[in-house]
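Novice: Mind folding the following:
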Amino acid sequence: MTSSTSILVHNNKILLILRDDKPEIPEPNTWQLPGGGVEEGEDYFQAIQRELKEEISIIPQQLKCLGSAPDNTKVFFAFLTDEDVANIKLGNEGQKLEFFSIEDAFKINLTKKLQFYLSKFKDGISELVKNGEVGDIASLGLNQ
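Specialist: Below you'll find the predicted structure:
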């Protein structure tokens, strides 16, 4: 399945969504980045826009594609403005939205995929969260 995900940053913290606690969904009651599957007829950018509107009720103005992960996921990034954050509301999926520092994210129950990426690419992701860019997207495990 192809998907789009987003690293949304405010005050050096990333926005995560707590997945629903329903036994019929994969990895219930775990934290993940906002995003989801690409539906038929959508491109990756349309998919992330739809998913963000559904999950957090906003589409950040500065949303940009960072690159592709090996599992057919496009990764998008944006710094959120204070206005963006004020307008964020939990949509029709998930239990809760919260910002976490990279260090604090390791202390919560993350999806396996997010746990893997944060562990393997912690330095690159930390640089992205701090500076809004990285010298080499390979430091995020991504390619063009």
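Novice: tell me what the longest helix along the chain is packed against?
Specialist: The longest helix of the chain (DSSP state H) is helix 44-56. Counting contacts by 3 or more C-beta pairs under 8 Å, 6 or more residues apart in numbering; DSSP states H and E, helix 44-56 packs against strand 3-10, strand 13-18, strand 35-37, strand 73-79. Where you see a C-beta, it was placed from the backbone N, CA and C, and this is true even at glycine.
Novice: can you tell which of these is closest to L118?
Specialist: Closest to L118 of these is strand 13-18 (C-beta to C-beta; 9.2 Å).
Novice: Strand partners (parallel or antiparallel) of the closest one?
Specialist: Strand pairing for strand 13-18, using DSSP bridges, gives strand 3-10 (antiparallel), strand 31-32 (antiparallel), strand 96-100 (antiparallel).
Novice: isn't S126 right next to A105, touching?
Specialist: No. Using C-beta atoms under 8 Å as the test, S126 is too far from A105 to be in contact (10.7 Å).
Novice: Does K13 touch F100 like I think?
Specialist: Yes. Using C-beta under 8 Å, K13 is in contact with F100, at 5.7 Å.
Novice: re earlier: just the C-alpha atoms of the helix or strand that the longest helix of the chain is followed by, please, in PDB.
Specialist: Sequence order places strand 64-69 as the next helix or strand after helix 44-56, per DSSP states H and E. The C-alpha trace of strand 64-69 is given here as PDB (Å, rounded to 0.1, in the frame of the first residue of the first chain):
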ATOM      1  CA  LYS A  64       6.600  20.200   1.300                       C
ATOM      2  CA  CYS A  65       7.700  16.700   0.200                       C
ATOM      3  CA  LEU A  66      11.000  15.600   1.700                       C
ATOM      4  CA  GLY A  67      11.300  12.400  -0.200                       C
ATOM      5  CA  SER A  68      10.400   8.700  -0.400                       C
ATOM      6  CA  ALA A  69      10.900   6.000   2.200                       C
END
